[in-house]
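# from the sequence below, what's the structure:
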Amino acid sequence: MRLPSFNIVKSGFCTCLPKYNINPYLGRCAHQCIYCYAIKFPSFRGPAVPRLGLKEDVVRMVEGTKTKMPVMLSDATDPYQPLEKRYLITRRCLEILAEHEFSLLIVTKSDLVTRDLDILKQTQAVVSMTITTPHNDIANIIEPHASPPDSRFSALQEVTDRGIPTVVRIDPIIPTVNSSNKDLETIVSRVAEIGVGQITASTMKIVRGLLPSLKTTHFELSERLASLYSDGEWISGYKYLSREKRFEILSRLRMTVLKYGLEFATCREGFPQLNTKICDGTAYCRELLSRYKE
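Prediction:
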């Protein structure tokens, strides 16, 4: 038994370096984001389910894993589900990983991450917080049960105040919803003031079945997205905006990010020339790995 590796899909423009990945919860995330891509995978459909066996299995996983690459929590269901307050599966995984000197990458939309700063301080760690909009009313539509934007900004401040590197993911950028220059610059300026080191951005990718499902609750938005993506392309099971549209959005955002002195990267977009840093943020926590390669 060993830590599972993150699935790098080169055909889907993934530029991540090798790392491990743990999902402490399976099923549809309680945040209920309307753009969720995880519904593409059978294990991440239905309500969120705690993987209680991980509390014991993670011990055997780390003992069977020799190369100490960064460990991401997580790539699908947010590791800080509301259920985490009760089950503490994510916290248990972090405790064991830190004890065995693995570096950590936390990817979340939840301010609950601040609960575990005591563990994150024990090893090299990076917190990647997704913030798609500075507006509560928009967040209530596209991420109805996630922590409000202001709570995420506050959590980032607490993390950076503890000296832990932070990345903000503006992911996804949904055309006509959260893609305006003003709103994107508001996010960038606020996180720059907080002390965030990097912005990673990605445009919305549509999985099969998403738009028909969205039509039942957000008919106008579904129709608008269908039109905007009509000249897009299917890549590795995802419907992308046309190359021209997404390059325009991302290059414009890049200029804003660099203006504020932050690093910039895109995620699975096919534009590596726009990146100034590794997309996932693990550039800030890979020093431990070099120790084991000497």
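
# identify the residues contacting the spatially closest residue to residue 69 that is not a sequence neighbour.
Distances taken as C-beta to C-beta, 6 or more residues apart in numbering place residue 19 nearest to residue 69, at 5.0 Å, with adjacent residues excluded. For the C-beta atoms, the positions are set from N, CA and C on the backbone; glycine is no exception. By C-beta atoms under 8 Å, 6 or more residues apart in numbering, the contact list for residue 19 reads 5-6, 69-72, 105, 280, 282.

# from the residues you listed, which would you call buried?
Among these, the ones that count as buried by 16 or more other C-beta atoms under 10 Å are 6, 69-72, 105, 280, 282.

# contacts for stretch 152-165?
For stretch 152-165, contacts defined as C-beta under 8 Å, 6+ apart pick out 109-111, 113-114, 117, 120-121, 125-127, 129-131, 147, 166, 168, 190-191, 194-197, 281, 284-285.

# inside strands: which ones of the residues you listed?
If you go by DSSP state E, the contacts of stretch 152-165 have 125-127, 129-130, 166, 168 in strands.

# do you have the helices of the stretch 1-150 of the chain handy? List them.
With DSSP state H, counting those that start in this stretch, the ranges of helices along the stretch 1-150 of the chain come out as 54-63, 84-87, 89-99, 117-120, 136-142, 149-161.

# can you put the ones you listed in TSV and add distance to residue 243 and mean pLDDT?
Formatted as TSV, the helices of the stretch 1-150 of the chain follow (distance: least, C-beta to C-beta, whole Å; pLDDT from 0 to 100):
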stretch	distance to residue 243	mean pLDDT
helix 54-63	40	97
helix 84-87	38	98
helix 89-99	37	98
helix 117-120	38	98
helix 136-142	24	96
helix 149-161	30	98
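
# and those: which comes nearest residue 207?
With C-beta to C-beta, the closest approach to residue 207 among the helices of the stretch 1-150 of the chain belongs to helix 136-142: 15.6 Å.
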